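Visitor: compute the structure for the input listed below.
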Amino acid sequence: MTVQTPAPAAATPPAAPPAVGTWTLTWHGVRTVAALELRQRVRSSRWKVALLVWFAVVAAITLLAGGVLLFVDEGSRDTQSRGVVLGAVVTVLVLGLGLLVTPTLTSTAVNGDRGAGTLATLQVTLLSPVEIALGKLLAAWASACAFLVVSLPFYVIALLMGGVPVWTLPRVLVLTALLLAAVCGIGLGWSARAPRPAGSTVLTFVTVAALTVFSPVFFGLTFPFLSSTQEVQVYGVPDEYWMSLDDEDLASSTPPAPTCEVFTTQRTVAHTEGTWWLLAINPFVIVADGALPGTSAGSGSVVDEVRSSTQGVRDLRLGEPDVRDECGDWGGDGAPLPRDHAGPVWPYGLAANLLLGGLGFVTAVRRLRIPQRTLPRGTRVA
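Guide: Prediction:
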């Protein structure tokens, strides 16, 4: 009798790995890439040297500025005014140095790894392009914020000198950190777009220079083309008053008091309603306008002077007033009502910088997709 042996069951094929799309995002993948990037920076001795040099430069300039404020023109400035000035010096210094250092953190993040042959290793894993790009972006941003943290003691010194509102410090730190994040995104986009690290570094610095240096230069160059002579209403002393004065009135110590009135005359008018954004996108204007919100109260303090300067940038959005007030200290009837001040410009400028950073990030994600249809000549694949 023959016994039938049942055939063994077919082996279950291994489950296929989950499909990974371009925009598949998990915290584990982002953390893995960010940790790899940060480990490489921490192991490098240049990173520690850079932090020490940063601290030394900021400390030297801060102490020098503090010494100048303490011993020069001591009678005309009180301690609180010195604190405001020192806080402004530290803010400008940290933001300026941050805009110089941050482009180097991401401008070679993609093409540098591609040239070293390490990018392809990440691309063939289950990591998605958005996870690779976001991990590199967060690592670079954390490195930039490390420089900001090193500068905290000097902000505290300015606060202890008085005159600086306590709530100004977190506003300055948040705005500076967001601007550095935008620069990181811009550098990441150029790194993914340019085939050579040198080219992406130059393009990143040019973009930062366009936001910080070229924008006010372009505003100044366009100002004459936006200015024209036209008839406007002026509240002030009419020209007829000055023409009516004779030699005796001019020689007198008490000439007839002028009276202000509304009249029509020709004045040079600049229409800045379409170019104010050239100043709004400047990182220094963003931090200055966002650090001290509100309008100038005319108290003459240093804080009020800073508010007055940023208020001038805000008023550029409104253009020419209906009635120009040129009366000064002279009195009269028919004085125009003060017009409402324009709102802050820092949200528009910050949004524009973050938009540029976001475009750079999206560009990096799209360039990290595999397979790529075309690659620049001489680009290393693996």
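
Visitor: from R39, how far out is the most centrally placed residue in the chain?
Guide: Centre of the chain computed as the mean C-alpha position; nearest residue by Cα atoms, centre = their mean is P283, 2.7 Å away. Per Cβ to Cβ, to the nearest Å, P283 is found 30 Å from R39. For every residue, glycine as well, the C-beta is placed using N, CA and C.

Visitor: one more: L70?
Guide: Using Cβ to Cβ, L70 is found at 44 Å from R39.

Visitor: W141 and A182 touch, don't they?
Guide: No. The pair W141 / A182 is not scored as a contact, 9.8 Å apart, by Cβ atoms under 8 Å.

Visitor: these two: which has the busier surroundings?
Guide: Under the criterion of other Cβ atoms under 10 Å, the comparison of W141 against A182 puts A182 first, with 26 against 23.

Visitor: quick check: closest non-adjacent residue to the more buried one.
Guide: Leaving aside its chain neighbours, A182 sits nearest to G357 (3.5 Å; criterion: Cβ to Cβ, 6 or more residues apart in numbering).

Visitor: show me the contacts for that neighbour.
Guide: Counting by Cβ atoms under 8 Å, 6 or more residues apart in numbering, G357 touches A181, A182, V183, C184, G185, I186.

Visitor: just to revisit the earlier point, what's the neighbour count on the residue nearest to the residue nearest to the centre of the chain when sequence neighbours are not counted?
Guide: Distance criterion Cβ to Cβ, 6+ apart; nearest residue to P283, sequence neighbours excluded, is L179 at 4.9 Å. Neighbours of L179 under the rule other Cβ under 10 Å: 26.

Visitor: which SSE is the residue nearest to A182 in?
Guide: helix 346-367 (DSSP states H and E).

Visitor: buried ones in that helix?
Guide: For helix 346-367, burial by neighbour count (16 or more other Cβ atoms under 10 Å) applies to 346, 348-350, 352-353, 356-358, 360-367.

Visitor: ok, stretch 140-154 next?
Guide: By neighbour count with 16+ other Cβ under 10 Å, stretch 140-154 contains the buried residues A140, W141, S143, A144, C145, F147, L148, V150, S151, F154.

Visitor: of those, which belong to helices?
Guide: A140, W141, S143, A144, C145, F147, L148, V150, F154 (DSSP state H).

Visitor: could those be laid out in a markdown table, adding pLDDT and distance to A210?
Guide: Output for those, formatted as a markdown table (pLDDT from 0 to 100; distance: Cβ to Cβ, whole Å):
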| residue | pLDDT | distance to A210 |
| --- | --- | --- |
| A140 | 94 | 20 |
| W141 | 95 | 21 |
| S143 | 92 | 23 |
| A144 | 93 | 19 |
| C145 | 93 | 24 |
| F147 | 93 | 22 |
| L148 | 93 | 23 |
| V150 | 93 | 27 |
| F154 | 91 | 28 |
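
Visitor: quick one, helices of the stretch 101-250 of the chain?
Guide: Secondary structure of the stretch 101-250 of the chain, counting by DSSP state H, counting those that start in this stretch: helices at 103-106, 111-116, 119-123, 129-150, 152-160, 168-193, 197-209, 215-226, 239-244, 247-251.

Visitor: tell me what the second one is packed against?
Guide: Contacting helix 111-116 under the criterion 3 or more Cβ pairs under 8 Å, 6 or more residues apart in numbering; DSSP states H and E are the following elements: helix 119-123, helix 168-193, helix 197-209.

Visitor: hmm, try it at 7 Å
Guide: If you count contacts as 3 or more Cβ pairs under 7 Å, 6 or more residues apart in numbering; DSSP states H and E, helix 111-116 packs onto helix 197-209.

Visitor: the helix it packs on to helix 346-367, inter-axis angle?
Guide: Following axes from the mean of the first three to the mean of the last three Cα atoms, to 10 degrees, one obtains 160 degrees for the angle between helix 197-209 and helix 346-367.

Visitor: buried residues, helix 197-209. List them.
Guide: For helix 197-209, burial by neighbour count (16+ other Cβ under 10 Å) applies to P197, S200, T201, L203, T204, F205, T207, V208.

Visitor: ok, stretch 215-225 next?
Guide: S215, F219.

Visitor: cool, stretch 60-72 as well?
Guide: T62, A65, G66, L69.

Visitor: if we can go back for a sec, in terms of pLDDT, where does the residue nearest to the centre of the chain sit?
Guide: If you check P283, the pLDDT there is 96.

Visitor: pull the contacting residues for it.
Guide: Contacts here follow Cβ atoms under 7 Å, 6 or more residues apart in numbering; on that basis P283 touches L95, L99, L179, L211, T212, N353.

Visitor: which among the residues you listed gets closest to G290?
Guide: The shortest approach to G290 among the contacts of P283 belongs to L179, at 10.2 Å (Cβ to Cβ).

Visitor: need the helices for the stretch 251-382 of the chain, in chain order.
Guide: With DSSP H, counting those that start in this stretch as the criterion, the stretch 251-382 of the chain has helices spanning 277-280, 283-291, 302-315, 346-367.

Visitor: of the ones you listed, which is nearest L127?
Guide: L127 lies closest, by Cβ to Cβ, to one member of those: helix 346-367, at 12.0 Å.

Visitor: pLDDT of that closest one, averaged?
Guide: Helix 346-367 shows a mean pLDDT of 95.

Visitor: with G290 as the reference, measure out to L105.
Guide: According to Cβ to Cβ, L105 and G290 sit 24 Å apart.

Visitor: who's more crowded, those two?
Guide: L105 (25 against 22).

Visitor: then stretch 116-126 to CSV, C-alphas only?
Guide: Extracted in CSV, the C-alpha atoms of stretch 116-126 (Å, rounded to 0.1, in the frame of the first residue of the first chain):
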residue,chain,number,x,y,z
ALA,A,116,31.9,62.6,-1.9
GLY,A,117,29.8,59.6,-3.0
THR,A,118,27.7,59.6,0.2
LEU,A,119,24.4,61.0,-1.1
ALA,A,120,23.6,58.0,-3.2
THR,A,121,23.8,55.8,-0.1
LEU,A,122,21.0,57.7,1.5
GLN,A,123,18.9,57.8,-1.7
VAL,A,124,18.8,54.1,-2.2
THR,A,125,17.5,53.5,1.3
LEU,A,126,13.9,53.8,2.5
